[in-house]
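# with the sequence up front, the predicted model follows.
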Amino acid sequence: MVEETFHRDDEDRPLREIRTPPAHLRPGDIEHKACPYPGSRARSGCPINAGALRQVSAHWAEIIDALALVGALHRDARGPGPATLMDLWRVSQLGAALPWFYLLRRGAGPAPAFAAALAKACQGTGVWAQRVLADELAGAPPSGAWTAEAILASSERTGTLVGEVEACAGPEAMLRRFFAALIDGAPSLAAPAVAALAAERDALLGFGAHYANWKLVLWLHALARQFVYADLLLALGHDHPLVAPIAALAETGDDPPDFVRVAPPDPAAVSLPSRVAWLTQVASRVVPFAPDGGDRALAAAALAIARVSGVDDVPGGLHDEVAAVARLGAPAAALAARALSTYARLDALLGAAAATVEAGFARADGDAHSVARPDAATRDRLLSAPPRAALTALAPRTLGALAAR
Amino acid sequence: MPPAPKDAFATIDPADLATVAGGRRSSTSSSRDTQDRMMDMLSDIESAIKDLGRNQNNGSDALSQLMPILALSMLNQPQQAPLPPVVCQGRGKKGW
């Protein structure tokens, strides 16, 4: 899911559209046209993906019905009340997960076109919700009840309708209809494919809940790693021979790609209790909603990620080793050893969370086998910029033994 | 009558606490105090996670892996601390 960038739907369109690596794109896959829409999209000068829009138009009824279906399933799981920002984000992730629901099950073929098209739109909606959430965490007033018009206006305001090289291809009327279905759509289940999905409601919701909460755990993990990097940069100093890869991690180590880094301006200056308070606030967004409760372990993992970021116990030998390897004085070695200890704990939690997700995905396919924690190499493949090598260089013996499990 | 649910939570191996979570206390605490505190915390965490896993059919391996880490993290449970000011850095883009 993280690495497989080559998938196509059952109409042979690439799931990742313009984000598909060139090696997997074919001539004619992407058809750009000038953007006809006003507002931020017109100002951007970016083209729209006309081929993707044609597919959405061709499957519009199924897309809206499937979106209404996952929204209704989420409302049933969550209980009554107006949709909050996080509710809308979660529903968007249920839609974004849909192609993987088909692809990752044994014997399943490619994702149907309606599911692929819905996922693309939902990914954009997820980016919008993430931006609003990030702004709110950074101090913007919390959002109230959302309407389709309000989401459209907010999408304009947050720049979500303009990507790196393309603008959103949907006309405003289509976006309003999509957002209305996102908020409180009622599924008709008229299309056989959507009715078939509804018949698998528990599996669909369980799969999507693990997908959504896994993304949040990855995000929280990335936010927690920023404190590790900041402490190490402070301990080593700018001119240290081992500092360059850690400085690069601090610049680029964000996960998952559709999330926004929200962090203190000077993470190293934040006290341990305040780090825990901040990360716990983010962790509270991990709300389990899988029918079998399997994603409760992801909520526990999120809380644990926050908590271990405030622990200052250091494994025996680590302080002395990092002092010797990096030639640090006692205060700097203590800070570096604490940061490395935190990384080892975060790494262990990443493995536990990944095993939870894999088990949850398997149960959605009727397979109840237990899943072992993934090894270090597999854990690293889950991150866009794994820090293991750079950090282990500071204490190869002790950290290597801790983090290689 | 349905069978009683299987207790999905394995006993914690103290060795895991020392290795997985790196749980050796600083020199200011005696090992006896540390062990006592850790066991107290373990009891609390175990109860909490049992509640957490209620109605869960599977996935207990991951939960049991989390337990020692949660236990260690609880040793230094902070008091109510102020939230640091935070800023957005970057805007995110479509992923997977």
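Sure thing, it's come through.

# tell me how far the closest residue to A:A96 other than its chain neighbours lies from A:Q281.
Ranked by Cβ to Cβ, 6 or more residues apart in numbering or on different chains and with sequence neighbours excluded, the top spatial neighbour of A:A96 is A:C122, at 4.3 Å. Every residue, glycine included, has its C-beta placed from N, CA and C. Using Cβ to Cβ, to the nearest Å, A:C122 is found at 25 Å from A:Q281.

# of those two, who's got more company?
Between A:C122 and A:Q281, A:C122 has the larger neighbour count (other Cβ atoms under 10 Å in any protein chain shown), namely 26 against 13.

# for the most centrally placed residue in chain A, which non-adjacent residue is spatially closest?
With distances taken as Cα atoms, centre = their mean, A:K215 lies nearest the centre of chain A, 3.2 Å away. Using Cβ to Cβ, 6+ apart and skipping residues adjacent in sequence, the residue nearest A:K215 is A:P256, 5.2 Å away.

# what of A:G317?
According to Cβ to Cβ, 6+ apart, the nearest residue to A:G317 is A:T398 (5.0 Å).

# ok, B:K94 next?
Here the residue nearest B:K94, using Cβ to Cβ, 6+ apart, is A:Q123, at 4.5 Å.

# on that earlier part again, can you name the next helix or strand after the host helix or strand of the residue nearest to the centre of chain A?
Element membership of A:K215, judged by DSSP states H and E, is helix A:201-236. Counting by DSSP H and E, the next helix or strand C-terminal to helix A:201-236 is helix A:244-252.

# now do residue 95: how many residues are near it, please.
Looking at chain A here, since you left the chain open. For A:G95, using other Cβ under 10 Å, the count is 28.

# you answered for a different chain; I wanted chain B.
19.

# helix, strand or coil for it?
Per DSSP: H, G, I helix; E, B strand; the rest coil, the local secondary structure of B:G95 is coil.

# tell me which helix or strand the residue lying closest to A:D365 once chain neighbours are set aside sits in.
Ranked by Cβ to Cβ, 6+ apart and with sequence neighbours excluded, the top spatial neighbour of A:D365 is A:R105, at 4.5 Å. For A:R105, there is no host helix or strand (DSSP H and E).

# and the residue lying farthest from the centre of chain A, how close does it get to A:A119?
Of all residues in chain A, A:G329 has its C-alpha farthest from the mean position, at 38.6 Å, by Cα atoms, centre = their mean. As defined by Cβ to Cβ, A:G329 lies at a distance of 52 Å from A:A119.

# ok, A:P171 next?
In terms of Cβ to Cβ, A:P171 sits 20 Å off from A:A119.

# also A:H369?
A:H369 is 27 Å from A:A119, where distance means Cβ to Cβ.

# and A:F207, by the same measure?
13 Å.

# can you check A:P256 too?
For A:P256 relative to A:A119 (Cβ to Cβ), the value is 14 Å.

# the more surrounded of these two?
Set side by side, A:P256 and A:A119 show more neighbours around A:A119, with 29 against 21, by other Cβ under 10 Å.

# the more buried one contacts A:A97, correct?
Yes - the pair A:A119 / A:A97 is scored as a contact, 7.5 Å apart, by Cβ atoms under 8 Å.

# so where's the stretch 101-250 of chain A uncertain?
A:107 (pLDDT under 70).

# interface residues of it facing chain B?
Residues of the stretch 101-250 of chain A lying close to chain B by Cβ under 8 Å from any Cβ of the partner chain are A:120, A:123-124, A:127, A:130-131, A:134-135, A:137-139, A:159, A:163-164.

# which SSE is the closest residue to A:H24 other than its chain neighbours in?
Nearest residue to A:H24, sequence neighbours excluded (Cβ to Cβ, 6+ apart): A:F6, at 4.3 Å. Using DSSP H and E, A:F6 is not contained in any helix or strand.

# A:F6 against A:T20, yeah?
Yes - the criterion here is Cβ under 8 Å, and A:F6 meets it with A:T20 at 7.4 Å.

# compare neighbour counts for those two and give me the winner.
Ranked by neighbour count (other Cβ under 10 Å), A:F6 and A:T20 place A:T20 first, with 19 against 13.

# coming back round to it: can you tell me the SS state at the residue nearest to A:K215?
coil.

# confidence score at it?
Per-residue confidence (pLDDT) for A:P256: 92.

# what residues are up against it?
With contacts defined as Cβ atoms under 8 Å, 6 or more residues apart in numbering or on different chains, A:P256 is in contact with A:2, A:215, A:218-219, A:384, B:95-96.

# nearest to B:V87 among those?
If you rank those by distance to B:V87 using Cβ to Cβ, A:W219 comes first, at 16.0 Å.

# distance of that closest one relative to A:M86?
A:W219 sits 13 Å away from A:M86, going by Cβ to Cβ.

# which one of the two is surrounded by more residues?
Per other Cβ under 10 Å, whichever of A:W219 and A:M86 has more neighbours is A:W219, with 26 against 17.

# excluding residues flanking it in the chain, which one is nearest the more buried one?
Counting by Cβ to Cβ, 6+ apart, A:W219 lies nearest to A:F259, which is 4.5 Å off, once chain neighbours are set aside.

# contacts only, for the one you found.
Applying Cβ under 8 Å, 6+ apart, the residues contacting A:F259 are A:130, A:215, A:218-219, A:222, B:92.

# try 10 Å
Going by Cβ atoms under 10 Å, 6 or more residues apart in numbering or on different chains, A:F259 touches A:126-127, A:130-131, A:133-134, A:215-216, A:218-220, A:222-223, B:90-93, B:95.

# so what's the residue nearest to A:D365 up against?
Per Cβ under 10 Å, 6+ apart, neighbours of A:R105: A:200, A:203, A:207, A:361-362, A:364-367.

# can you report phi and psi for it?
Dihedral pair for A:R105: phi -90, psi 150, per degrees, to the nearest 10.
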